[in-house]
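Chemist: Sequence first, predicted coordinates after that:
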Amino acid sequence: MLQRLLVSCLLAATGATAFAAPAKYDIDTAHTQVVFRWDHFGFSKPSATLEKISGTFLLDTADLAKSSIEVTLPLDGLHTGVPKLDEHLKSADFFDAAKYPNITFKSTKVEKIGADQLKVSGDLTVHGVTRPVVLNVHVNKIGDNPMLKAPSAGFDAETTLKRSDFGVSAYVPNVSDEIKVHITLDSHLAKS
């Protein structure tokens with residue numbers, strides 16, 4: 001009888017693990033950054049950050065390929081450290097933030113391509129134009145955060161975009177068409 005009970009409990013636990021769904025993680029906005037860099041007439045390589053981020057992150061720690069992310073980056077969170085440049089980038093010359101106030105990304109596929117490497121494909125919308133993009137992602141760490149005492153996950157991602165693909169082509173080629181993007185993301189298991 002005891003043996004049957006133990007086998008039943010073991011099978012139930014195995015079944016629960018096999019059918020576990022991705023869990024919702026909250027994006028830690030204090031430790032998440034989106035940084036993009038461009039070439040300015042060959043003289044410098046300035047950068048800007050998108051400092052506001054919201055979205056839904058579903059993480060399957062047992063099978064990362066079953067994970068997904070959808071984020072919104074409001075352009076009122078764009079900062080270069082130079083207020084006049086911030087205004088110019090938000091103007092109709094570039095992002096036209098009055099008409100298109102947000103940048104969005106929604107993953108369509110996650111592939112594991114190495115021990116700590118993922119390829120995340122998705123749809124990026126900038127300036128009212130949606131294009132497919134691929135993020136090359138490094139899994140920094142998945143485990144318990146010692147400060148929060150909660151399951152956490154961190155990732156870095158990189159991609160290169162052509163801004164003209166999104167209708168943002170002012171000053172090309174003197175100001176580079178290619179934009180290098182680096183993302184670092186920290187997240188924690190959402191409290192139910």
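Modeler: Alright, I've got the coordinates. Residues are numbered from 1 along each chain as shown.
Chemist: buried set for the helix or strand residue 35 falls within?
Modeler: Secondary-structure assignment from DSSP states H and E places residue 35 in strand 33-37. Buried residues in strand 33-37, counted by 16 or more other CB atoms under 10 Å: 34, 36, 37. From N, CA and C alone the C-beta is placed, and that goes for glycine too.
Chemist: check contacts around the last one.
Modeler: I take that to be residue 37. 45, 46, 47, 179, 180, 182 (CB atoms under 8 Å, 6 or more residues apart in numbering).
Chemist: May I see the PyMOL selection of the buried members of the residues you listed?
Modeler: Those of these that count as buried under 16+ other CB under 10 Å are selected in PyMOL with:
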select buried, resi 179+180
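Chemist: how about the contacts of residue 37, which pair is most distant?
Modeler: 46 and 182 (13.9 Å; CB to CB).
Chemist: ok, the strand holding residue 35: who's next to it in the sheet?
Modeler: strand 47-50 (antiparallel), strand 178-189 (antiparallel) (DSSP bridges).
Chemist: Ok, which of those comes nearest residue 106?
Modeler: strand 178-189 (14.6 Å).
Chemist: what mean pLDDT does that closest one have?
Modeler: Across strand 178-189, pLDDT averages out at 96.
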